[in-house]
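Q: 3D, please:
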Amino acid sequence: MKSKFITLTLNEKKMRDGDFIVSKTDKTGIITYCNPIFIEFSGYQEHELIGAQHNIIRHPDMPRSAFALLWNTISKGDEFFGYVKNMSKNGDFYWVFAHISPDFDFNGNIIGYTSVRRCPKLQAVQTIEQIYKQMLQAEKSVATKDAIDAGTKILLDLLKQKGLPYEQLIHLI
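A: I've put the predicted structure just below:
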């Protein structure tokens, strides 16, 4: 279970080039599988992760609107790619480039999700970190009920300015 009293540190855990963090969840985000690299970077033991919400590793620097985009994408049955800042149990952080895809039963119904995360490019992290800061600032500047829309607007405005869909932008940065 995620402690509400985790003290954030400025210590970054850097993924190694050959690392792949893998987890599986049910369709509500409850972790059903995690590989040893996930356990290592999260700082949790396997029994603390299995049965927990995947947001146990959510870093508060991540805008809620980024996760709204993620969930809107995968719940429709589409794959999602994105950069995510995660938080370890001890308050350290680590960046990942995530690929999340739905798992389907024989009838085509979503039964869960598989996430494979790898080491992100430094330049991409520096770029997305600035975008996330703007999105988070927009979320904090409005009432809670309007936060996701405010953060999403920042991202949509950027996409419009660049003339790119999200999927193209995320692979270019």
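Q: poorly predicted segments of this structure, please.
A: Low-confidence segments of the chain, defined by pLDDT under 70, span residues 1-4.
Q: center of it - which residue?
A: Nearest to the mean C-alpha position of the chain, counting by Cα atoms, centre = their mean, stands residue 84 at 4.1 Å.
Q: in a strand, that residue, correct?
A: Yes: the assignment for residue 84 (DSSP: H, G, I helix; E, B strand; the rest coil) places it in a strand.
Q: was I right about it contacting residue 63?
A: No: applying Cβ atoms under 8 Å as the test, residue 84 and residue 63 come out as separate, 10.8 Å apart. Where C-beta positions appear, they are placed from N, C-alpha and C, glycine not excepted.
Q: buried set for stretch 38-50?
A: If you call a residue buried by 16 or more other Cβ atoms under 10 Å, then stretch 38-50 has these buried ones: 38, 39, 41, 42, 43, 44, 48, 49.
Q: ok, now stretch 145-164?
A: So for stretch 145-164, counting by 16+ other Cβ under 10 Å, buried means 147, 148, 150, 151, 152, 154, 155.
Q: which of those sits closest to residue 134?
A: The shortest separation between residue 134 and any of the buried residues of stretch 145-164 is 5.0 Å, and it belongs to residue 154 (by Cβ to Cβ).
Q: measure the closest one to residue 25 for me?
A: To residue 25, residue 154 is 27 Å away according to Cβ to Cβ, to the nearest Å.
Q: could you identify the most distant pair in the buried residues of stretch 38-50?
A: Taking every pair in the buried residues of stretch 38-50 and measuring Cβ to Cβ, the maximum separation is 13.6 Å, between 41 and 48.
Q: who does residue 33 bridge with?
A: Per DSSP bridges, the residues bridged to residue 33 are residue 24.
Q: residue 158: what's it in contact with?
A: Residue 158 makes contact with 131, 169, according to Cβ atoms under 8 Å, 6 or more residues apart in numbering.
Q: state whether residue 133 is indeed within a helix.
A: Yes: inclusion of residue 133 in a helix is indicated when three-state DSSP is applied.
Q: so where do the helices sit in this structure?
A: Along the chain, the segments classed as helices by DSSP state H run 36-42, 46-49, 64-74, 122-140, 147-162, 166-172.
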